[in-house]
Every structure is written in C-alpha cells, then in structure tokens.
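Participant: Quick one, fold the following:
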Amino acid sequence: MSTVVVGYVPKPEGEAALAQAIEEAKLRGLKLVVVSSHRGGREFDGATAAQAESELEAVRERLDASGLEYDVKQLVRGFEPAEDLISIAEANEAELLVIGLRRRTPVGKLVLGSNAQRILLDAHCAVLAVKA
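Facilitator: This is a model prediction of the structure:
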C-alpha cells in the first residue's frame with residue numbers, strides 16, 4: 001500500500017509539515033507515516049527521550065482525531081534525518097514525502113549541509129516542501 005511519509009520535529013516547520021501531510025493523506029486516501037529521527041549520542045539522554053515521546057503522544061492524539069490510518073516511528077539510529085526519511089519512504093512505498101523547511105543563510109547551508117536538499121535530490125518519490 002502506498003503511503004504519505006512526513007518528517008516531524010516539534011518546531012513550527014515540523015507542525016506545518018504534519019498539517020500538510022494529514023491533508024495530503026486524506027486527499028489521496030493513503031496511510032500516513034510520521035517519522036521523528038534523532039541521531040542519538042550523549043545529547044539524547046533519558047530526559048530528552050521522555051520529552052520526545054511526550055511530543056509524539058500529542059501527535060498520535062492529533063492523528064487519532066483525523067481518522068487516518070497512521071504509523072508513528074521514532075528513530076534513534078545515529079543516521080542523518082535525511083537518510084532515515086529516504087529509507088522509510090522507500091520501505092513504505094511512499095507516494096509522497098512531506099518535509100518542513102526553515103530559513104537558513106547560504107553560509108549556514110554550506111557549513112552545516114542541508115537535510116532538505118539531500119531529500120529533494122535523493123528521494124525516489126515526490127517531495128513536498130512546506131514553509132512554517
């Protein structure tokens with residue numbers, strides 16, 4: 001079954017992406033897969049994990065109210081978020097991948113790289129980029 005996959009972060013760009021992904025899944029009659037990707041490491045301690053789970057529980061409540069069939073995946077594998085989203089989209093035969101964009105300076109993009117750019121270039125399916 002085809003799906004709509006969305007990258008979620010508890011920030012304005014993640015909320016915008018989730019809202020648009022819910023709309024797209026309803027319009028297309030598809031299952032929605034929400035992906036929250038964390039690199040892990042020392043910064044992802046017990047308190048951070050509990051906070052992330054609490055945020056995803058709010059997402060689940062929102063999705064329950066939407067009436068959509070959905071799956072929520074929290075990944076802590078040490079990969080870049082772009083790698084996780086692309087692999088989940090492929091594994092779920094995604095018809096659409098939705099990502100949120102934040103404003104960055106050209107120097108910021110050069111120094112830090114861009115997950116959004118990698119997703120746009122490497123995803124096997126259509127990508128919808130949403131501004132917050």
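Participant: top helix in the protein by residue count?
Facilitator: helix 46-66 (DSSP state H).
Participant: contact partners of that one?
Facilitator: The contact list for helix 46-66 (C-beta atoms under 8 Å, 6 or more residues apart in numbering) reads 8, 10, 18, 22, 26, 32, 34, 36, 38, 70, 72, 74, 76. Just so you know, the C-beta spots here come from the backbone N, C-alpha and C atoms, and that holds for glycine as well.
Participant: The protein: strands as residue ranges?
Facilitator: 3-7, 31-38, 70-76, 94-101, 126-131 (DSSP state E).
Participant: Tell me which of those sits most buried.
Facilitator: Mean neighbours per residue, mean count of other C-beta atoms under 10 Å, is largest over the strands of the chain for strand 3-7, with a mean of 28.
Participant: Strand partners (parallel or antiparallel) of that one?
Facilitator: The pairing partners recorded for strand 3-7 under DSSP bridges are strand 31-38 (parallel), strand 94-101 (parallel).
Participant: tilt between the first one and strand 70-76?
Facilitator: Read it as strand 31-38. 20 degrees (axes from the mean of the first three to the mean of the last three C-alpha atoms, to 10 degrees).
Participant: For Gly100, give the beta-bridge partners.
Facilitator: Val130.
Participant: Does it touch Val130 like I think?
Facilitator: Yes - contact criterion C-beta atoms under 8 Å: Gly100 and Val130 qualify, at 5.4 Å.
Participant: anything in contact with each of the two?
Facilitator: 13, 16-17.
Participant: can you put the strands of the chain in CSV and add distance to Leu120?
Facilitator: Output for the strands of the chain, formatted as CSV (distance: least, C-beta to C-beta, whole Å):
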stretch, distance to Leu120
strand 3-7, 12
strand 31-38, 16
strand 70-76, 20
strand 94-101, 8
strand 126-131, 5
